[in-house]
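Student: Sequence and predicted structure below; questions after.
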Protein chains: 2
Amino acid sequence: MSVKNAILGLLHYKDMHGYSIKEHIEKHFGNMWTVNYGQIYPGLRSLEEEGFIAMVELAPSEDGGPHKKLYSITEAGRAAFQEWIESSPERQMFLRDPFLMRFIFFGFSDRESALRIIDEQIAFYREQMERRQKNVPRWEGYGVYVRLMAEMGLNLNKTYLDWLVNARDEIARCGEEELEWRRGAVIS
Amino acid sequence: MSVKNAILGLLHYKDMHGYSIKEHIEKHFGNMWTVNYGQIYPGLRSLEEEGFIAMVELAPSEDGGPHKKLYSITEAGRAAFQEWIESSPERQMFLRDPFLMRFIFFGFSDRESALRIIDEQIAFYREQMERRQKNVPRWEGYGVYVRLMAEMGLNLNKTYLDWLVNARDEIARCGEEELEWRRGAVIS
DNA sequence: TCTACCATGTAATCTGTTACATGATTGC
DNA sequence: GCAATCATGTAACAGATTACATGGTAGA
């Protein structure tokens, strides 16, 4: 599970608790991933059982239940992480995009619906691009790899957006007959 | 489930059976997705139960078990598909890349391991890029949307590859101290 | 006081992957 | 005869999402 490896990685920087681990995975590192507590907390638990992390502090609330568990990586954890990071990645990139999944079938819808949805998508990615660009200075202090990762996020965002704008243009311009799907022609 | 919607989409072109649906999702449409039979066959079953598709032919093997089930989309299926395709996409792009997940933590590994893994990745994406480029002529007959989708696959591939090559270069060139992670500096 | 955010967790559900089992057909 | 590919399916597992339940702290 790569969420578990990401936790081990983050704990190299400093001791953390679940909430801030989620935050770091989501807000830093190029804003490329989302994680849920449903992955974080069970992940922490299982890492603790394996002896890869250990709770170092538990700030207790008055009259109260356990609160704010601070975790630290153990030597065994560092060793496991080293083994993981030096091995070759198991699988290739996994991209799932509900918009693209629709896009490919827009030939079975009308041009107006298609353009409407593409415009929504353009607006969304434009906003995201601006957010990313505003964040650029934040990556300055963060070492080479983190900075490169953030650049990657920006590059992908740009590629996607440029493609969207160009696609919108072509679809708006091209003749009705080109947009049609032709029974014989389309499927081999 | 978008695999089910993809099945409904493909059945607009012509009647198909499970095996060729998988093939079309994987080999056509820009080579962007993978699917397994564990999604296809249960998907077909549930679409049939919902009345969105119907079996039209069952080529029987001699002395035998059912073989080659041909499915067709029903009117109810077309209606459900139309509703789906005209609605706005539910979620944004989901990218999970085991390589990128490692990359961000390469500061905790040595430069040699990092460069080795990056080189492997470059080799892989170069090959994939060549495969995609060879496939370009195949998309000619396939209508505007399918062609644009294939172009998108190529664009993303190119962006990724260019970034990898540039990243490799920067990492190879930069000083040891820049590669280091600094406890205070890195995590806010 | 109320809102926003910090903080931890679980259960149900959905989605995706791997491995297995089975057998027919096609081309070398 | 053998290998590759066509074809259908299931079971176990892994991974991700949603919704819920709970309560603390800081600031307007």
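Tutor: Arrived safely, thanks for sending. Numbering: from 1, shown residues only, chains lettered A, B, ... in the order given.

Student: center of chain A - which residue?
Tutor: residue A:33 (1.9 Å; CA atoms, centre = their mean).

Student: State the number of residues packed around the residue nearest to it when sequence neighbours are not counted.
Tutor: Nearest non-adjacent residue to residue A:33, counting by CB to CB, 6 or more residues apart in numbering or on different chains: residue A:25, 5.7 Å away. Using the backbone N, CA and C atoms, a C-beta is placed for each residue, glycine as well. Residues within reach of residue A:25, counting by other CB atoms under 10 Å in any protein chain shown, total 23.

Student: Quick one, grab the pLDDT at residue A:25.
Tutor: The score at residue A:25 is 91. That number is its pLDDT.

Student: Also residue A:59?
Tutor: For residue A:59, the model assigns a pLDDT of 62.

Student: The one 5 residues further on too?
Tutor: For residue A:64, the model assigns a pLDDT of 43.

Student: How far does the longest helix belonging to chain A sit from its chain's centre?
Tutor: Criterion DSSP state H: the longest helix present in chain A is helix A:143-173. Here helix A:143-173 is found 15 Å from its chain centre; the criterion is CA atoms, centre = their mean, to the nearest Å.

Student: Any part of it near chain B?
Tutor: Yes. Residues of helix A:143-173 contacting chain B under CB under 8 Å from any CB of the partner chain: A:143-146, A:148-149, A:151-152, A:155-156, A:158-160, A:162-163, A:167, A:170-171.

Student: Of those, grab the buried ones for ChimeraX.
Tutor: Only the buried entries of the residues of helix A:143-173 next to chain B go into this ChimeraX selection, using 16 or more other CB atoms under 10 Å in any protein chain shown:
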select /A:143,144,145,146,148,149,151,152,155,156,159,160,163,167,171
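
Student: these two touch, right, the residue nearest to residue A:33 and residue A:36?
Tutor: No. Between residue A:25 and residue A:36 there is no contact under CB atoms under 8 Å: 10.5 Å.

Student: Residue A:85: how many residues sit nearby?
Tutor: 22.

Student: Could you say which helix or strand holds it?
Tutor: If you go by DSSP states H and E, residue A:85 is part of helix A:75-86.

Student: ok, the next helix or strand after that helix: who's next to it in the sheet?
Tutor: Scanning forward in sequence from helix A:75-86 by DSSP H and E, the next helix or strand is strand A:94-96. Neighbouring strands of strand A:94-96 in its sheet, by DSSP bridges, are strand B:94-96 (antiparallel).

Student: Tell me the pLDDT of the closest residue to DNA strand D within chain A.
Tutor: Closest to DNA strand D within chain A is residue A:38: 3.0 Å, counting by CB to the nearest atom of the strand. For residue A:38, the pLDDT comes out at 95.

Student: So which residues on chain A come close to DNA strand C?
Tutor: A:17-20, A:23, A:36-38, A:41-42, A:44-45, A:66-69, A:91, A:94, A:96 (CB under 7 Å from any atom of the strand).

Student: Give me the buried positions along whatever helix or strand residue A:11 lives in.
Tutor: Assessed by DSSP H and E, residue A:11 sits inside helix A:2-13. Neighbour-count burial for helix A:2-13 flags A:2, A:3, A:4, A:5, A:6, A:7, A:8, A:9, A:10, A:11, A:12, A:13 (criterion: 16+ other CB under 10 Å).
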